[in-house]
Structure formats: C-alpha cells, structure tokens
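Coordinates only, no sequence provided:
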C-alpha cells in the first residue's frame, strides 16, 4: 500500500502507456520553480506556493513496476456531498466585476466539492480503476508528507522532452457533446495558444504550432493546439517553465491581474489543483526524461474525506449556470471512480 514503506511514494502511468510505475523517496520542499535547476525526481507544484502548499521534489530512491491486476477492485461506498453552490455563485459575480471593470480579459474560476465517505477508500484501487477508465490521460497518485495524498487523471501536458525535442500544448475550451465550437470557446482557446506562443518566442527556436483540433478526455471534448520547439543555446527550460506556468488555461489574462483576482476573490485555496506534477530530468527506460502535467481532474484524499476540484474559464459573456455545469461534468471524471 502506498505510504506503508515509510517513504513518500508516487504511482503514475503516462498517457497511452501500458506500464505503471512506483517511485519511492523522501520529498523535500523547494523555495520555488527556480530550485529545479540541476535537480531530478518527481515534482509536484501548487497553483500558488504558500505555507500550506509548497513546491515538492522527491528524488527517486527506488523505482518498481506496478502490476495493477494484483490490486483489489474499488468497493462502492456511499457518500454525502457538500458542493458549495452558493459560494460559487457569489465568486462568479465577483469575477465578473474583474472582467467588466478591472481590465481582465479572461479568468479561471475554480471550486471544490467535499465528499464524506461512509468508510475510507483504498487509494491504490482508485488509481488502478483510473488507469483502466482513462487510458489517454496521465494518471498519478502522489502521497508525501509535504503534499498529502492526491489522485489525478489529467489530460493536459505542460512540458515534455523526448529525443531532444520539447513539446507543450494549449488545452482550453470544453463541450460535453461533439459539435461546432462556440465563439466563446474558440476565443478562450486562442487566448491560451497565443500566450504559449509568446512564451516560447525569444527563448526557443524551430517552433511548430498545430491548428486547433478537438480531443476527448473522459466524457468531455476540448480544443487543443500542440507546440513543438527546441531551446536556444544557453537557455534553460526552467525559465520557459516559469513563463508558461500558470497558463491562461488555469489562471487567466493578463496573468498577473488574473492571479490577483483569483487569490483575492475565488474564495478558496487551490493547493495543488491546477499546479503541475510529473517527471523531472528522470529517465525511465524509453519514456520521456521530463514529462510535466497540469494537475487537473484532481481528488485530494484524507481518511474518509475526499475533496474534488474543477474550474472553467470565464469571459465577460459567460453564463453562471453554464460554467457551474462545466465544473460538475469535470468532477464526474473523479466521481466515476467511486
């Protein structure tokens, strides 16, 4: 069981991979993203570093493959939910003031839902079920003394390096059924893609940007633009990472103003939701040596209590009921495991 060895542990499975991994080590706090220079391990970073959520790096002391068939099935357990509907409504109104009167072009409003289970769930069993249900997403179960225990099934890559090439993506715009994309979704996506292009320009070369295309994640449809690039001589990917993160897909534009609005008026601490996690300068056979993913479709676990997180991008024309429904559908990714 995760954590029983006395060390911090991570289970993960990369998208479309057939192999699951278990990493063990002793996680340590970092002052910030810049401290990743020259280091290696599994990293987990919060949306906004604070005393309750630090950048955590776990150097790898041991690495094993995981046989999911040996894990027990998930037992169905009843739960009660507190979804914070009225809190979200008030936060939405506060964000609309930022969009209408304070110069924000886009802001991502997130919320959380607290689930009280009748009995504790087995985290590894939930991980195995997530791997089976979501083969095209990054599945990670992270349990450290510094971060607590988190399970995620994220569709969004932040940066990845394989065979000397770097990639990233813009993933923004959400629908629950296939069909023409609304102007709101297309504009929201373009904001993110153009921002990423700007971050890469100057520090990178051979930048290839795909056309926006539709992809699926669980039961949702998203707009995605892929980027491939190489670093200029003398550039460090840590600096590119610092520019990219957080992207407008989880924060907003202009970024500093959106961060100010979120910290002031979202009404909750995101902790590691919408941060990032993954491999950092860590070669695992033929896999990428660096593969960082935005921490989406998250479940925070503590005893019999679960906390789900989800968010969506707001523009001036956003409708509160539609945005709430989008967060509900995103939370279903985790609820479907229960």
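Received the coordinates, thanks. This structure is a prediction, so every number in the text was calculated from the model and none was measured.

Name every strand pairing with the helix or strand of the chain with the lowest mean pLDDT and say which way it goes.
Lowest mean confidence among the helices and strands of the chain (mean pLDDT, DSSP states H and E): strand 79-82, at a mean of 80. Strand pairing for strand 79-82, determined by DSSP bridges: strand 106-117 (antiparallel).

After the strand it pairs with, which helix or strand is next? Please name it.
The element immediately downstream of strand 106-117 (helix or strand, assigned by DSSP states H and E) is helix 123-133.

What's the mean pLDDT across that following helix?
Computed over helix 123-133, the mean pLDDT rounds to 94.

separation between the residue lying closest to residue 49 once chain neighbours are set aside and residue 238?
Spatially, and ignoring its direct neighbours in sequence, residue 49 is nearest to residue 55 (5.9 Å; CB to CB, 6 or more residues apart in numbering). Any C-beta I mention is one placed from the backbone N, CA and C, and that applies to glycine too. Note on residue 55: its distance to residue 238, by CB to CB, to the nearest Å, is 12 Å.

Also residue 153?
27 Å.

Report pLDDT for the residue positioned nearest the centre of the chain.
A centroid search over the chain (CA atoms, centre = their mean) returns residue 295, at 1.7 Å, as the residue closest to the centre. You'll see residue 295 listed with a pLDDT of 98.

That one reaches residue 278, doesn't it?
No: if you go by CB atoms under 8 Å, residue 295 and residue 278 don't touch, sitting 9.2 Å apart.

The residue nearest to residue 49: neighbouring residues, count only.
Close neighbours of residue 55, defined as other CB atoms under 10 Å, add up to 22.

and if you look at the one 5 residues further on?
One way to gauge burial is a neighbour count; for residue 60, by other CB under 10 Å, it gives 16.

Can you report phi and psi for residue 304?
Residue 304 adopts backbone torsions of phi -90, psi 10, taken as degrees, to the nearest 10.

Show the contacting residues for it.
116-120 (CB atoms under 8 Å, 6 or more residues apart in numbering).

Look up how far residue 32 lies from residue 209.
Counting by CB to CB - residue 209 and residue 32 are separated by 29 Å.

Quick check: residue 168 is in a helix.
No: under DSSP: H, G, I helix; E, B strand; the rest coil, residue 168 sits outside any helix and is assigned strand.

per-residue pLDDT, it?
98.

and it, bridged to which residues?
Bridge pairing for residue 168 - DSSP bridges - gives residue 227.

isn't it right up against residue 197?
No: assessed by CB under 8 Å, residue 168 is found out of contact with residue 197, at 10.3 Å.

who touches both of these two?
Shared contacts of residue 168 and residue 197, counting by CB under 8 Å, 6+ apart, come down to residue 227.

Settle it for me: which of those two has more neighbours?
More crowded of residue 168 and residue 197, by other CB under 10 Å: residue 168, with 24 against 15.

Now do the more buried one against residue 268, distance only.
Residue 168 is 27 Å from residue 268, by CB to CB.

One more: residue 13?
29 Å.

Can you pick out the residue with more neighbours from these two?
residue 13 (24 against 16).

Name whatever forms a beta bridge with that one.
So, taking DSSP bridges as the rule, residue 13 has residue 139 as bridge partners.

what's it in contact with, if anything?
So residue 13 contacts 19-21, 131, 138-140 (CB under 8 Å, 6+ apart).

low pLDDT regions in the chain?
1-6, 72, 75-78, 284-286 (pLDDT under 70).

which residue ranges form the helices in it?
85-101, 123-133, 183-200, 237-244, 255-265, 320-335 (DSSP state H).

so how far is the third one from its chain's centroid?
Right, helix 183-200. Distance, stretch centre to chain centre, for helix 183-200: 18 Å (CA atoms, centre = their mean, to the nearest Å).

Now do the buried residues in it.
Neighbour-count burial for helix 183-200, counted by 16 or more other CB atoms under 10 Å, picks out 184-185, 187-193, 195-196, 199-200.

angle of it against helix 320-335?
70 degrees (axes from the mean of the first three to the mean of the last three CA atoms, to 10 degrees).

so what does helix 183-200 touch, helix or strand wise?
strand 165-175, strand 204-209, strand 220-231, helix 237-244 (3 or more CB pairs under 8 Å, 6 or more residues apart in numbering; DSSP states H and E).

rerun at 7 Å
strand 165-175, strand 220-231, helix 237-244 (3 or more CB pairs under 7 Å, 6 or more residues apart in numbering; DSSP states H and E).

can these go into a markdown table with extra columns for distance to residue 290?
Shown next, in a markdown table, are those (distance: least, CB to CB, whole Å):
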| stretch | distance to residue 290 |
| --- | --- |
| strand 165-175 | 8 |
| strand 220-231 | 12 |
| helix 237-244 | 7 |
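
That's all I had, so thanks and see you.
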